[in-house]
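Novice: Sequence first, predicted model second:
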Amino acid sequence: QVQLVESGGGLVQAGGSLRLSCAASGSTFSRYSMAWFRQAPGKEREFVAAIPWSGDYTYYADSVKGRFTISRDNAKNTVFLQMNSLKPEDTAVYYCAQARGILTIPRRSESTYDSWGQGTQVTVSS
C-alpha cells in the first residue's frame, strides 16, 4: 500500500498563496493518476484538482479554476497544489489521493481513489 504524506499547509491571509506537496512512497508513482480533495468543517469532502499519470492535462473544480494549479514531478514521486488568490472559503483540510489501479483516468469521484494522505490544514483569514 502506498503512503502519501502531505505538507505545506498553514495560516495565510486572504489573497495570499500556499504550495502543498504530497510525497508518495513506492516505485510506480509515475503510472498513477493523482488528485487533491478538501474537507471544510461541517462539510463533505470535495474534489479540488486532478492530474493523470502523464501530467499532460489537468482539471479543476469550478471554485478553484484559475487560482489553483496541480502539477507533478514523477522523478521525485511528488504531486503539488499551488494555491494563489486564496479566499476564506478555501479553508479546509486538504488531502492528496492516488487512483485505484495504474493508468486510471482521473475523475472527480472519490471512488476513483483508494489511497489517501493524512491531510494538511489550510486556514485563510479574512
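Specialist: All right, it came through fine. Residues are numbered from 1 along each chain as shown.
Novice: Quick one: residues contacting the residue nearest to the spatial centre of the chain.
Specialist: With distances taken as C-alpha atoms, centre = their mean, Trp36 lies nearest the centre of the chain, 2.2 Å away. Residues near Trp36 by C-beta atoms under 8 Å, 6 or more residues apart in numbering: Leu20, Cys22, Val48, Ala49, Ala50, Ile70, Val79, Leu81, Tyr94, Tyr95, Cys96, Ala97. Heads up, the C-betas are built off the backbone N, CA and C, glycines and all.
Novice: partners of it in the sheet?
Specialist: Note on Trp36: beta-bridge partners by DSSP bridges are Ala49, Cys96.
Novice: Now do it, the pLDDT please.
Specialist: Trp36 carries a pLDDT value of 98.
Novice: So it versus Ser27, what's the distance?
Specialist: 22 Å (C-beta to C-beta, to the nearest Å).
Novice: Using CSV, please lay out the contacts of Trp36 together with pLDDT.
Specialist: Formatted as CSV, those follow (pLDDT from 0 to 100):
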residue, pLDDT
Leu20, 98
Cys22, 98
Val48, 98
Ala49, 98
Ala50, 98
Ile70, 98
Val79, 98
Leu81, 98
Tyr94, 98
Tyr95, 98
Cys96, 98
Ala97, 97
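Novice: nearest to Gly8, of these?
Specialist: Nearest to Gly8, judged by C-beta to C-beta, of these is Leu20 at 4.2 Å.
Novice: The host helix or strand of that closest one - which strands sit beside it in the sheet, and in what orientation?
Specialist: Following DSSP states H and E, one finds Leu20 within strand 18-24. The strands beside strand 18-24 in its sheet (DSSP bridges) come out as strand 4-7 (antiparallel), strand 78-83 (antiparallel).
Novice: Buried residues in the last one, which are they?
Specialist: If you call a residue buried by 16 or more other C-beta atoms under 10 Å, then strand 78-83 has these buried ones: Thr78, Val79, Phe80, Leu81, Met83.
Novice: Out of the contacts of Trp36, the closest to Tyr59 would be?
Specialist: Of all the contacts of Trp36, Ala50 has the smallest distance to Tyr59: 5.9 Å, by C-beta to C-beta.
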